[in-house]
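Novice: I would like to see how this sequence folds:
(chains A, B and C)
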Amino acid sequence: MASSSSFSTCTLHGSVSGPKSMKCYREFIFNCSSLFKQSSNPRLIALCADLTQSRFLSNVKSKNWEQSGRLLPINGVQCQALKVENKISFSVGNKFQLNDVIEAQQFDRDILNAIFEVAREMEKVEKNSAGSQILKGFLMATLFYEPSTRTRLSFESAMKRLGGEVLTTENAREFSSAAKGETLEDSRRTVEGYSDIIVMRHFESGAAQRATATASIPVINAGDGPGQHPTQALLDVYTIEREIGKLDGIKVGLVGDLANGRTVRSLAYLLSKYQDVKIYFVSPEVVKMKDDIKEYLTSKGVEWEESNDLMEVASKCDVVYQTLIQRERFGERIDLYEEARGKYIVD
Amino acid sequence: MASSSSFSTCTLHGSVSGPKSMKCYREFIFNCSSLFKQSSNPRLIALCADLTQSRFLSNVKSKNWEQSGRLLPINGVQCQALKVENKISFSVGNKFQLNDVIEAQQFDRDILNAIFEVAREMEKVEKNSAGSQILKGFLMATLFYEPSTRTRLSFESAMKRLGGEVLTTENAREFSSAAKGETLEDSRRTVEGYSDIIVMRHFESGAAQRATATASIPVINAGDGPGQHPTQALLDVYTIEREIGKLDGIKVGLVGDLANGRTVRSLAYLLSKYQDVKIYFVSPEVVKMKDDIKEYLTSKGVEWEESNDLMEVASKCDVVYQTLIQRERFGERIDLYEEARGKYIVD
Amino acid sequence: MASSSSFSTCTLHGSVSGPKSMKCYREFIFNCSSLFKQSSNPRLIALCADLTQSRFLSNVKSKNWEQSGRLLPINGVQCQALKVENKISFSVGNKFQLNDVIEAQQFDRDILNAIFEVAREMEKVEKNSAGSQILKGFLMATLFYEPSTRTRLSFESAMKRLGGEVLTTENAREFSSAAKGETLEDSRRTVEGYSDIIVMRHFESGAAQRATATASIPVINAGDGPGQHPTQALLDVYTIEREIGKLDGIKVGLVGDLANGRTVRSLAYLLSKYQDVKIYFVSPEVVKMKDDIKEYLTSKGVEWEESNDLMEVASKCDVVYQTLIQRERFGERIDLYEEARGKYIVD
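Specialist: A predicted model of the protein is given here:
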């Protein structure tokens, strides 16, 4: 594998001698495409929908619901069908409330289960219906201070597949008032006036947290510099469970740039919510996993180990997760980038 | 206040000793957010809707209306509700016709009143209904030759909140045929073929006027270099009336970069439509208000005065309007920028 | 004529002594505007709809149709009206199947006729109905590695006018993972997960072909470097027939940068599908039509001739097609650009 962040599932039961490499792109489209010909990207749709909808669904019987006419779903066949499905999901008790999605630590196991349950329902919606209008009337702003066509379009696709609308900026860093010296908080406050939810990608760690501090609408962190990428990690964990059938007791190898890879950081946090998980870190010396994550895992009783031997780790793991070593994360230190890249390659 | 164009309302009745600083962002979202939790940006929506709709509403009984099937609103609960409201508004006689919106001078007091009346109706729509579909089937092109996330998204939000659709270019200067030597008129003519209305931001004064000269669809000037920003001024005047309760007889301080600030230029033109208005210009020497505006005000019988003393002016004013001193307006003259910035700061 | 790619129709019947210059912009809006006041860009809409819909329409009675719920058109007045029209069109036997649109050679005369037939139907839809929802539920991704506001917005306008939705990136080359070393195939595979059809503009010849090799959804080539621009050529041929009334036996002058002009390359391929066509190439020496096209034409029995004398050629032709000589196609060879530009100008 050359240049894409990827994800390998190693099913080592039976006599398999090497990892069964399933290149699973960050949005998992590749894996799903044979299953859902017409409904591309169902999982992301489901998850994004969850994040956006959680307020929505959990409020159905609350007082707020009555007060906010705009949240009322448009009546219609698809929508009613969906409501039935959701009623089933949520009648078993998995109510949850999400506001901002900023960092993987914020989730607990119950909320993760509830999200994944809606995600599974959403997969059915995409497969069997004429599309959903469940987010009709909602406006999502994708505020990307660092361009990322892949992540941006995945959110926008999810929103549009569910009947919502999108306001978008591909490169807020260059194109917006940021260039005029406006603070992130000011920009967020303005965009908040135009939309119902903000999806933000930023080049600085902690930016999403700062933006959300005073926000009156939900903010989703779609990557903040070397910080976190929690929705990516939700997808990763969801996919692991889907492919492996379990999350407790799994052995996961995290490979590549672990110092700058925000997706592995978020994934490690999420994995710590499950029992008897063992994590192997495999990375070049210059981009080793940072201490904050190691300390967090230890404090949560998660076993972890560092290794230089990818093949040995792979033979022990249920899942090998590999991140792209990105030049942009090294800034001026091209020498470190040159040293790190290409050291561990999964074909 | 640091870096955002802002707006302060000084209510000096009673014993208030200093200006009651209400940071009112250009789109006034900040001020409205507590009022309209679900319906962000109602005022802008209302105004944008006005501008777009004015043709629409004023044509209801005209012959053109019968001929243009595409303009027919989609039947539906929200839409009917809105039509009733509009019928009320317009049954009191405030019919108006708008085509292009190019410069603040083009409005007269009757049209301003009619626009504000629809704006007030639109606020109700946003607050009490499940959204509006009144612009369903309309396509707005936002043709921005100079990036401005804030202004662009405000128009797009308004359009989408009212059921319309948007074609967008964030940076036509770099991304379009402009780079290939195509004239603005050619670009406009092409985009005119794709859309029902064009919202244009350009880096040159007079660009909107040039673009509209031969246009067969309406063009809205969303800022043309140091020229004008008429829709911003509509919002500003609307908000002043909303906060102060009147427009005749008010005293307004215009503070900051008055030479390059297109919003203050447009605002001065609009204020001249009202009676007994007094305007105070407070600015660094290098960015004083230009003579064309002063002469226009004098010709219209509007009193104005220049001053260096912000605090003294503030104590006399009902409203203090402050513009951001933007580096980009100074071109190569960084020295002038350094001299001008930070001279008058409202906290 | 100064700076826009253009198209001139010379009707030399009667005593007309010079070409009747009809500046017909690439999207033909200019010519159509007087005909379709409300429905701008009907031809492009029609054609884009064709391309997108062809699968759709040709599948109506096929088995696949039953299986794909998402493709089912939303019931409604407009839609039913359209279906009737289409039934008429297609009841005369012009069924066709299109997947990718990569190069002009892929079309045969029957498919061209069938496409143009739907295009004519689409013009009616735009003129006489309250808009179409025939593409409702479809999501088109415009993946532009080279910015082109004009071409991009034309596709997006068509999609939205027909009820579809759009995911867009204005400048994938700079903004996407391309900058991180991701291959075109990877990007395409990801975007494929989010959308139902991809419209791709790329800076390299052959890029669309490469992208489509393994794609599971249709890809439309909206220009690949100096390669081809097949949908533009479809429009050009459609417009020639519309203006001249025929395609067999016409004499066409292709003028300007014929070496780098992808639209003339695609147009030459399409013209070769018709009988007794004669093509005149008029270009500066440095940007003469390449041998591959000349050889293709010869192999198909199409007469062609090179000339330096625009006026003489124009007097013989039914149609003169002029391309813009674009600096960007010359790369470092500014000297060649300077030599070529402005040599043949049609006013």
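Novice: can you give me the strands for chain A?
Specialist: A:6-9, A:139-144, A:165-169, A:197-202, A:219-224, A:251-255, A:278-282, A:303-307, A:319-322 (DSSP state E).
Novice: these: which one's closest to chain B?
Specialist: strand A:165-169 (4.7 Å; Cβ to the nearest Cβ). The way it works is simple: take the backbone N, C-alpha and C, and place the C-beta from them, glycine included.
Novice: thinking again about what came up before, and the strands of chain A, which one averages the lowest pLDDT?
Specialist: With a mean of 33, strand A:6-9 has the lowest mean pLDDT of the strands of chain A.
Novice: chain C is nearest to which of the strands of chain A?
Specialist: Nearest to chain C among these is strand A:165-169 (7.7 Å), distances taken as Cβ to the nearest Cβ.
Novice: gap between A:Met140 and A:Arg265?
Specialist: 25 Å (Cβ to Cβ, to the nearest Å).
Novice: kindly report the same for A:Ser307.
Specialist: 18 Å.
Novice: retrieve the pLDDT associated with A:Val84.
Specialist: Reading off the model, A:Val84 has pLDDT 26.
Novice: what does A:Tyr194 give?
Specialist: So, for A:Tyr194, pLDDT stands at 88.
Novice: now do the buried residues in the longest helix seen in chain A.
Specialist: Assignment by DSSP state H gives helix A:109-128 as the longest helix of chain A. Across helix A:109-128, burial judged by 16 or more other Cβ atoms under 10 Å in any protein chain shown covers A:111-112, A:114-123, A:125-126.
Novice: quick check: which ranges of the stretch 101-250 of chain A have low pLDDT?
Specialist: A:125-131, A:175-182 (pLDDT under 70).
Novice: most proximal residue of it with respect to chain B?
Specialist: Counting by Cβ to the nearest Cβ, the stretch 101-250 of chain A gets nearest chain B through A:Gly193, at 2.5 Å.
Novice: list the contacts of the closest residue in space to A:Gln106 that isn't next to it in sequence.
Specialist: Distance criterion Cβ to Cβ, 6 or more residues apart in numbering or on different chains; nearest residue to A:Gln106, sequence neighbours excluded, is A:Pro230 at 7.6 Å. Contacts for A:Pro230 (Cβ atoms under 8 Å, 6 or more residues apart in numbering or on different chains) come out as A:101-104, A:106-107, A:221, A:266, A:270.
Novice: with A:Ile293 instead?
Specialist: Taking Cβ under 8 Å, 6+ apart as the criterion, A:Ile293 is in contact with A:265, A:268-269.
Novice: who in the stretch 201-347 of chain A is up against chain B?
Specialist: Residues of the stretch 201-347 of chain A found near chain B, taking Cβ under 8 Å from any Cβ of the partner chain as the criterion, are A:216-217.
Novice: okay, helices next: where are they in the stretch 201-347 of chain A?
Specialist: A:207-212, A:230-244, A:262-271, A:291-299, A:310-316, A:334-340 (DSSP state H, counting those that start in this stretch).
Novice: ok, and what's touching the shortest one?
Specialist: Helix A:207-212 is contacted from outside by A:100, A:102-103, A:145, A:184-185, A:188, A:198, A:200, A:202, A:219-221, A:224-225, A:227-228, using Cβ under 8 Å, 6+ apart.
Novice: out of the residues you listed, which end up buried?
Specialist: Among the contacts of helix A:207-212, the ones that count as buried by 16+ other Cβ under 10 Å are A:100, A:102-103, A:145, A:184, A:188, A:198, A:200, A:202, A:219-221, A:224-225, A:227-228.
Novice: before we move on, the earlier item: want to throw the buried residues of helix A:109-128 into JSON lines with distance to chain C?
Specialist: Formatted as JSON lines, those follow (distance: Cβ to the nearest Cβ, whole Å):
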{"residue": "A:Ile111", "distance to chain C": "26"}
{"residue": "A:Leu112", "distance to chain C": "23"}
{"residue": "A:Ala114", "distance to chain C": "25"}
{"residue": "A:Ile115", "distance to chain C": "20"}
{"residue": "A:Phe116", "distance to chain C": "19"}
{"residue": "A:Glu117", "distance to chain C": "22"}
{"residue": "A:Val118", "distance to chain C": "20"}
{"residue": "A:Ala119", "distance to chain C": "15"}
{"residue": "A:Arg120", "distance to chain C": "18"}
{"residue": "A:Glu121", "distance to chain C": "17"}
{"residue": "A:Met122", "distance to chain C": "14"}
{"residue": "A:Glu123", "distance to chain C": "13"}
{"residue": "A:Val125", "distance to chain C": "11"}
{"residue": "A:Glu126", "distance to chain C": "8"}
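Novice: on that earlier part again, compare the contacts of A:Ile293 and tell me which is most surrounded.
Specialist: Neighbour counts for the contacts of A:Ile293 (other Cβ atoms under 10 Å in any protein chain shown) peak at A:Arg265, which has 27 neighbours.
Novice: tell me who's in contact with it.
Specialist: Counting by Cβ under 8 Å, 6+ apart, A:Arg265 has contacts A:104, A:226-229, A:258, A:290, A:293.
Novice: and A:Asp100, by the same measure?
Specialist: A:208, A:212, A:215, A:218-221.
Novice: what's the local residue count around A:Glu146?
Specialist: Using other Cβ under 10 Å, A:Glu146 has 21 neighbouring residues.
Novice: all helices for the stretch 51-200 of chain A, in order.
Specialist: Along the stretch 51-200 of chain A, the stretches classed as helices by DSSP H, counting those that start in this stretch are A:63-67, A:77-91, A:109-128, A:149-161, A:172-175, A:184-194.
Novice: now the stretch 151-300 of chain A against chain C: closest residue?
Specialist: Closest residue of the stretch 151-300 of chain A to chain C, Cβ to the nearest Cβ: A:Ser157 (3.6 Å).
Novice: any idea how far C:Ser195 is from that residue?
Specialist: Counting by Cβ to Cβ, the separation of A:Ser157 from C:Ser195 is 7 Å.
Novice: isn't A:Thr151 right up against A:Ala222?
Specialist: Yes. The pair A:Thr151 and A:Ala222 qualifies as a contact (Cβ atoms under 8 Å) at a distance of 5.3 Å.
Novice: shared neighbours of the two, anything?
Specialist: A:Arg201.
Novice: what's the burial count for A:Gln275?
Specialist: By other Cβ under 10 Å, 12 other residues sit near A:Gln275.
Novice: now it: closest residue in space, sequence neighbours ignored.
Specialist: Nearest non-adjacent residue to A:Gln275, counting by Cβ to Cβ, 6+ apart: A:Asp248, 4.4 Å away.
Novice: that neighbour - how many residues pack around it?
Specialist: Residues near A:Asp248, counting by other Cβ under 10 Å, number 10.
Novice: tell me the contacts of it?
Specialist: By Cβ under 8 Å, 6+ apart, the contact set of A:Asp248 is A:274-277.
Novice: using TSV, lay out those together with pLDDT and distance to A:Gln322.
Specialist: Below are the contacts of A:Asp248 laid out as TSV (pLDDT from 0 to 100; distance: Cβ to Cβ, whole Å):
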residue	pLDDT	distance to A:Gln322
A:Tyr274	96	20
A:Gln275	96	25
A:Asp276	96	23
A:Val277	97	18
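Novice: buried subset of these?
Specialist: Using 16+ other Cβ under 10 Å as the burial test, the contacts of A:Asp248 include A:274, A:277 as buried.
Novice: okay if I get the contacts of A:Asp248 as CSV plus distance to B:Ala314?
Specialist: Output for these, formatted as CSV (distance: Cβ to Cβ, whole Å):
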residue, distance to B:Ala314
A:Tyr274, 60
A:Gln275, 64
A:Asp276, 67
A:Val277, 62
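Novice: outline the domain layout of chain A.
Specialist: If you go by the TED database, the domain ranges for chain A are A:100-227, A:231-340.
Novice: thanks a lot, catch you later.
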